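Novice: predicted model, plus sequence, below.
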Amino acid sequence: MSIEMVNVHKAFDDQEVLRGFSLTIPDGETVSVIGGSGSGKSVALKHIVGLLKPDEGDVWIDGENVGRLDRESVYQLRRNVGYVFQFAALFDSMTITENVGMGLARIAGLDRKKISARVEECLHMVDLDGYGDRMPSELSGGQRKRVGFARAIATQPKYLLYDEPTTGLDPVTSAVIDALIVRMGDELGVTGVVITHDMKSAFRISDRIAMLYEGRIRFVGTPTELQITEDPVVKGFIEGRPELMESERR
């Protein structure tokens with residue numbers, strides 16, 4: 001089974017953001033979606049968890065058409081999808097343990113002891129043993145990101161969605177986060193979808209990389225295939241050469 005977006009269109013008022021976005025992500029892969037700021041990467045991601053519905057086209061997860069599910073079915077779907085927010089999105093008034101365990105509290109059959117054990121297990125996976133009693137304000141930016149990872153994997157999802165996971169981090173911390181993304185795939189077997197404009201990160205973590213341009217997927221392939229492409233738009237983006245991208249518009 002897989003995640004599949006087919007000819008997805010999405011507009012806000014008169015601004016078209018997605019104009020026929022299509023992408024298939026097989027189970028077990030980590031796929032990065034790259035593209036310029038404001039190109040619609042995060043909009044595409046929100047369709048996968050049903051936060052947005054397409055104006056046209058379909059989003060399929062494990063054979064279910066997300067856009068046609070009722071509210072209860074969407075909630076059930078989201079239990080299989082972990083979401084790592086761009087700036088961790090932790091609740092400052094809650095401890096790290098409470099932040100990580102908040103999704104577990106809604107699962108029937110999990111008592112306080114089981115929730116506590118699962119939270120400790122997840123903090124161990126992200127190398128934050130012993131941090132449960134701390135508050136988010138006591139953590140560095142990289143540590144907050146790792147708490148976001150722990151919260152996302154707490155419900156044992158099949159899919160992990162990452163929205164700009166290395167934004168605002170120094171190169172060393174970014175490399176730590178990248179290693180963690182790879183670890184999530186290798187050790188937990190989750191399928192990953194990563195929204196990023198950090199090319200170093202994309203090359204490190206991805207089985208495949210897809211480039212979003214003018215509302216559609218312009219390119220999809222392995223990191224090696226991306227590095228050797230002669231497509232002027234794709235090449236201009238990854239090499240930081242806007243003149244190549246402008247030549248395509250002339």
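Specialist: In hand now; what should we look at? Predicted model only: the values in this text are computed from it and were never measured.
Novice: could you chop this protein up by domain?
Specialist: 1-76+159-164+182-250, 81-156 (automatic domain parsing).
Novice: out of the ones you listed, flag the one nearest residue 172.
Specialist: domain 81-156 (8.7 Å; Cβ to Cβ). From N, CA and C alone the C-beta is placed, and that goes for glycine too.
Novice: span of that closest one from start to end?
Specialist: 9 Å (Cα to Cα, to the nearest Å).
Novice: so which residues of this protein form helices?
Specialist: Assigned by DSSP state H, the chain shows helices spanning 41-48, 71-78, 96-101, 112-125, 141-153, 171-188, 199-205, 223-228, 232-239, 242-249.
Novice: how about JSON lines for those helices, with distance to residue 26, mean pLDDT and mean neighbour count added?
Specialist: JSON lines is the format used below for the helices of the chain (distance: least, Cβ to Cβ, whole Å; pLDDT from 0 to 100; neighbours: other Cβ atoms under 10 Å):
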{"stretch": "helix 41-48", "distance to residue 26": "14", "mean pLDDT": "90", "mean neighbour count": "21"}
{"stretch": "helix 71-78", "distance to residue 26": "18", "mean pLDDT": "81", "mean neighbour count": "13"}
{"stretch": "helix 96-101", "distance to residue 26": "29", "mean pLDDT": "92", "mean neighbour count": "23"}
{"stretch": "helix 112-125", "distance to residue 26": "24", "mean pLDDT": "90", "mean neighbour count": "16"}
{"stretch": "helix 141-153", "distance to residue 26": "20", "mean pLDDT": "89", "mean neighbour count": "23"}
{"stretch": "helix 171-188", "distance to residue 26": "12", "mean pLDDT": "89", "mean neighbour count": "16"}
{"stretch": "helix 199-205", "distance to residue 26": "16", "mean pLDDT": "93", "mean neighbour count": "20"}
{"stretch": "helix 223-228", "distance to residue 26": "16", "mean pLDDT": "94", "mean neighbour count": "14"}
{"stretch": "helix 232-239", "distance to residue 26": "22", "mean pLDDT": "88", "mean neighbour count": "18"}
{"stretch": "helix 242-249", "distance to residue 26": "30", "mean pLDDT": "69", "mean neighbour count": "12"}
